[in-house]
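Colleague: how does the following fold in three dimensions:
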Amino acid sequence: MPGHATAVVADSTVCLPPSLTRGLPLFIAPLEIHHAGRVLRDGIDITPDGFYDLLKSAEGALPRTSAPPPGAYLSAFQQASRVARDIVCLTVSAKLSSSHAAALTAAREAGASMPDLRIQVVDSGTAGAAEGLIALQAARQAAAGAAGAAVLACARAAVSEVWLLGYLETLYYIWKGGRVPRVAMWMGRLLDVKPVLELTEGKVGMVERPRSRRRAIDRLVAMSSARLRGRRARVAVMHAAAPEPAAELAGRISRELSPIELFTTEMTPVIGAHTGTGLVACALLPEA
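Modeller: Residues are numbered from 1 along each chain as shown. Below is the predicted model:
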């Protein structure tokens, strides 16, 4: 890879297909999955397909997740330092993970051992492909030769604009993780609720409770259209072992919202561990 003025580091929740990141100065710090006494690095030791097979067959305790240790970020910074002296590091929302704190620790360590390296750590305020859209935008700017200040400004502008909507096939996994009371999980089963969730300002909230998959997709498209208010956007559709409804959502978005760019990707195992299979979501970054 040729030298760049700036490189971008992000964590593995970005869910970006390799076909989009190939050749970009983008480096990934993997989160970790803990299961049956093993520690698996997200996207390195386990793939989405392998993880969802594991989730379906897991008995007893479900897989747990943890943020990248500072050493994982430090390794990513060292790789990035081979192509650039300015680094913009994006992390999953600090309200959802300790990844941001780990990145700050690693940045201090890198500053001590590589004093000519300039690292800016940015809380994306989001996760998944919403963070991925920010990272992709910033890495493309860096690949075009933008200086660190310009890439940082690009990332911060995207943080203020991006949003993420999705629906769950089941409440079981987030109930197991302590994120909803048991009664809500029972109601979801009885009523066939497909709760629509929104991730804004670093927090996940339930915004609607449609009773079918088709209605959930209808609501994702309608809510996205309302938020865009006629603007065009870059859109990422992601799913957790649910390719058919994801394809349906992507088709609807393509026809009704005319996105500048649209891609579909599998949900990283680290997010799938909390949501289970069947999650379908879309992240949107409006045109500036």
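Colleague: tell me how many other residues surround the closest residue to residue 170 other than its chain neighbours.
Modeller: Spatially, and ignoring its direct neighbours in sequence, residue 170 is nearest to residue 276 (5.7 Å; CB to CB, 6 or more residues apart in numbering). For the C-beta atoms, the positions are set from N, CA and C on the backbone; glycine is no exception. Neighbours of residue 276 under the rule other CB atoms under 10 Å: 23.
Colleague: for residue 208, what are its contacts?
Modeller: Neighbouring residues of residue 208 by CB atoms under 8 Å, 6 or more residues apart in numbering: 195, 196, 219.
Colleague: can you select the buried ones from those residues in PyMOL?
Modeller: Selection of the buried residues among those in PyMOL, burial being defined by 16 or more other CB atoms under 10 Å:
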select buried, resi 195+196+219
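Colleague: now, which of the contacts of residue 208 lie within strands?
Modeller: Of the contacts of residue 208, the ones assigned to strands by DSSP state E are residue 196.
Colleague: wait, residue 262 touches residue 251, no?
Modeller: No. If you go by CB atoms under 8 Å, residue 262 and residue 251 don't touch, sitting 9.7 Å apart.
Colleague: on the three-state scheme, residue 41 is what?
Modeller: What DSSP: H, G, I helix; E, B strand; the rest coil gives for residue 41 is strand.
Colleague: identify the residue nearest it in space, chain neighbours excluded?
Modeller: Nearest non-adjacent residue to residue 41, counting by CB to CB, 6+ apart: residue 30, 4.1 Å away.
Colleague: give me the number of residues near that neighbour?
Modeller: A count of nearby residues for residue 30, using other CB under 10 Å, gives 22.
Colleague: swap in residue 51?
Modeller: With other CB under 10 Å as criterion, residue 51 counts 26.
Colleague: quick one: strands adjacent to the helix or strand encompassing residue 236?
Modeller: Remark: residue 236 resides in strand 233-239, with elements defined by DSSP states H and E. Under the criterion DSSP bridges, strand 233-239 sits next to strand 261-266 (parallel), strand 280-286 (antiparallel) in its sheet.
Colleague: distance to residue 134, mean neighbour count and mean pLDDT for those strands - can I get that in JSON lines?
Modeller: Below are the strands paired with strand 233-239 laid out as JSON lines (distance: least, CB to CB, whole Å; neighbours: other CB atoms under 10 Å; pLDDT from 0 to 100):
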{"stretch": "strand 261-266", "distance to residue 134": "14", "mean neighbour count": "18", "mean pLDDT": "96"}
{"stretch": "strand 280-286", "distance to residue 134": "7", "mean neighbour count": "26", "mean pLDDT": "96"}
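Colleague: just so I know, which of those lies nearest residue 153?
Modeller: Smallest distance to residue 153 across the strands paired with strand 233-239 (CB to CB): 15.0 Å, for strand 280-286.
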